[in-house]
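**Q** just to be clear, the model below is a prediction. Sequence and coordinates:
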Amino acid sequence: MAESSRPSPPLVKGRGATNAGLSARFDDKARESDGDWLDAREDIDGEGPPLRTEVTIETPRTIITRNQSPDIAFDRSINAYRGCEHGCIYCFARPTHAYQNLSPGLDFETKLFAKPTAAALLRKELAKPSYRCEPMALGTNTDPYQPIEERYRITREILEVLSEHDHPVVITTKSARILRDLDLLGPMAAKGLAAVMMSVTTLDPALARRMEPRASAPARRIGAIAALSRAGVRTSVSVSPIVPAINDHEIEAIVAAGAEAGAKSAFSIVVRLPHEVAPLFREWLAVHYPDRAAKVMAMIAAMRGGRDNNPDFFDRFRPQGAYAAALQARFKLACRKHGLNVERFGARTDLFRVPTDQLNLF
């Protein structure tokens, strides 16, 4: 059947994925659900009740994830949650839900896992004699400030531990909810211990609702950059991901808005579609942009060696071809125009104090 004649998958109001039944690749049915739907209802419209969000409590043995990828700058991270209620259709973390025998589609957005013991585990791991301090990354897989953080406050508790022991942290988010932790981030930043990267994919609220249905509206993200900057937190704007023929025309405007709000640096990457993300993204295009779906996928393939995705180290972050080169040139020119990326953030590690159970005698 030709692409233009395929029936479009059904649209689920307030969610990013259109595919509820995309099969999981692995089998693990042992899970227990609690929690409730905690989204901002004013951002959801349409008839019928929204899909409820289920939250399963997870009790891992360790909380710090070690990274050995040669093309990623950080070597350790913490993910307070599995799955992400923001529902960003392009999210490269969606395939990880298959390890729970859950769909990378709607399950990724509605069947979440929370780790309330994260702070206690972190304190324990920081106290190990073998631990060596380097910046801790939050938000590398799923957003640490997604809506369920309002209830569980796990990210807040993690920051409290890091702050208490003067451990540096770098946070990536697309949520203005981060401002609720300014009382921690401000003092940490004053010591050179905290930096934030705010992801701004578009300045168009309608496109944001389609592409990132439960993330903060673009204006609120720009406002968060401004508030963080006023509090002394070094902030960067992530113009990511760039999707050809969808948001590529906004590169200069996003960089300008971030710089005006006080961002000191910027970052950008072209959309990546690993594993199940590719068919989900194709279905999303069929629903929202049927007029240009084929064009978008052809332009992505042209940058990825003729495939939907190139998973090879380094190449995955270095798209190929004239169009990719033009995007990079535009981004660099915009950054230069607005004085971004002049100085790199250097997190301090010399202030770190090892947790101890010893009582102070005086």
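**A** Thanks, I have the structure now. Residues are numbered from 1 along each chain as shown.
**Q** helices along the stretch 251-362 of the chain, start to end?
**A** Applying DSSP state H, counting those that start in this stretch to the stretch 251-362 of the chain gives helices spanning 251-261, 277-288, 293-303, 321-337.
**Q** so how far is the first one off the chain centroid?
**A** Meaning helix 251-261. A distance of 19 Å separates the centroid of the chain from that of helix 251-261, by C-alpha atoms, centre = their mean, to the nearest Å.
**Q** again, but for the second one
**A** Helix 277-288 sits 19 Å away from the centroid of its parent chain (C-alpha atoms, centre = their mean).
**Q** packing partners of that helix?
**A** helix 293-303 (3 or more C-beta pairs under 8 Å, 6 or more residues apart in numbering; DSSP states H and E). For glycine as for every other residue, the C-beta is placed from the backbone atoms N, C-alpha and C.
**Q** which outside residues touch the helix it packs on?
**A** 3-4, 243-246, 270-271, 273, 282, 285-286, 289, 307-308, 319-321, 323-324 (C-beta atoms under 8 Å, 6 or more residues apart in numbering).
**Q** wait, which of the helices of the stretch 251-362 of the chain is closest to Thr59?
**A** Thr59 lies closest, by C-beta to C-beta, to one member of those: helix 277-288, at 28.5 Å.
**Q** so the closest one versus helix 293-303, what angle?
**A** Helix 277-288 runs at 150 degrees relative to helix 293-303, counting by axes from the mean of the first three to the mean of the last three C-alpha atoms, to 10 degrees.
**Q** any buried residues in helix 277-288, and which?
**A** The neighbour-count check on helix 277-288 (16 or more other C-beta atoms under 10 Å) flags 277-278, 280-288 as buried.
**Q** mind giving me the ChimeraX command for buried ones among the contacts of helix 293-303?
**A** A single ChimeraX command is used to select the members of the contacts of helix 293-303 judged buried by 16+ other C-beta under 10 Å:
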select :243,244,245,246,270,271,273,282,285,286,308,319,323,324
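**Q** the contacts of helix 293-303 in strands, which ones?
**A** Among these, the members falling in strands (DSSP state E) are Val270.
**Q** so can I have CSV of the buried residues of helix 277-288 showing distance to Gly87 and pLDDT?
**A** Output for the buried residues of helix 277-288, formatted as CSV (distance: C-beta to C-beta, whole Å; pLDDT from 0 to 100):
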residue, distance to Gly87, pLDDT
Val277, 13, 95
Ala278, 17, 95
Leu280, 11, 97
Phe281, 13, 97
Arg282, 17, 97
Glu283, 14, 97
Trp284, 10, 97
Leu285, 16, 98
Ala286, 17, 97
Val287, 14, 96
His288, 13, 97
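**Q** closest to Glu164 among these?
**A** For those, the nearest to Glu164 is Val277 (37.5 Å; C-beta to C-beta).
**Q** look up phi and psi at the nearest residue to that closest one once chain neighbours are set aside.
**A** Using C-beta to C-beta, 6 or more residues apart in numbering and skipping residues adjacent in sequence, the residue nearest Val277 is Arg94, 5.3 Å away. The phi/psi pair for Arg94 (degrees, to the nearest 10) reads phi -50, psi -40.
**Q** quick check: Arg94 touching Leu273?
**A** No: between Arg94 and Leu273 there is no contact under C-beta atoms under 8 Å: 9.9 Å.
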